[in-house]
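> Could you look at this predicted model? Sequence included:
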Amino acid sequence: MEGEKMALGYLIAKKRKERGLTQDQFAEEMNVARQTVSSWENDIFIPDTLKVIQMARFLGCTTDDLLNPTTPWQPGAESAAVEPVVAEG
């Protein structure tokens, strides 16, 4: 899948399985029904932002790993200086 974006649902399922969790166990941790996890994993519904944050923390990854998996992580990127944008006019 090099260069391709993977669907969020696929990544949720992959990370969950890497942790050796069933959908029931993951659902309990996320405080949702197992059917909700199934809906996320099958890309029927997209989890809300707070759930994605909770998911990333629990699964030991970043939200970027789940939402933008083709963006390579670069050491120090989160602390890099950002040039301010100045509107002209």
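Arrived safely, thanks for sending.
> Spit out the contact partners of Val32.
Counting by Cβ atoms under 8 Å, 6 or more residues apart in numbering, Val32 touches Lys51. For every residue, glycine as well, the C-beta is placed using N, CA and C.
> Actually, Ile44.
By Cβ under 8 Å, 6+ apart, the contact list for Ile44 reads Ser38.
> What confidence value was assigned to it?
Ile44 is assigned 94 on the pLDDT scale.
> for Trp40, same thing?
Confidence score, pLDDT, at Trp40: 96.
> Secondary structure element holding it?
Trp40 belongs to helix 34-41 when assigned by DSSP states H and E.
> now for that helix, which elements pack on it?
In terms of contacts (3 or more Cβ pairs under 8 Å, 6 or more residues apart in numbering; DSSP states H and E), helix 34-41 is packed against helix 8-18, helix 23-30.
> Which residues does the longest one contact?
What that stands for is helix 8-18. 23, 26, 37, 40-43, 46-47, 55, 59, 61, 65-67, 69.
> related to what we said a few turns ago, and the helix holding Trp40, what's buried?
Applying a neighbour-count criterion of 16 or more other Cβ atoms under 10 Å, one finds Thr36, Val37, Ser39, Trp40, Glu41 buried in helix 34-41.
> now these as TSV including distance to Lys51?
Below are those laid out as TSV (distance: Cβ to Cβ, whole Å):
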residue	distance to Lys51
Thr36	9
Val37	10
Ser39	12
Trp40	8
Glu41	13
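> so how far is Asn68 from Met55?
14 Å (Cβ to Cβ, to the nearest Å).
> Which one of these two is surrounded by more residues?
Neighbours were counted for Met55 and for Asn68 using other Cβ atoms under 10 Å; Met55 has more, 23 against 11.
> any idea which element the residue nearest to the spatial centre of the chain lies in?
Nearest to the mean C-alpha position of the chain, by Cα atoms, centre = their mean, lies Leu66 at 2.5 Å. According to DSSP H and E, Leu66 maps onto helix 63-67.
> for the chain, where's the lowest mean pLDDT among helices and strands?
In the chain, no helix or strand scores lower on mean pLDDT, DSSP states H and E than helix 63-67, which sits at a mean of 90.
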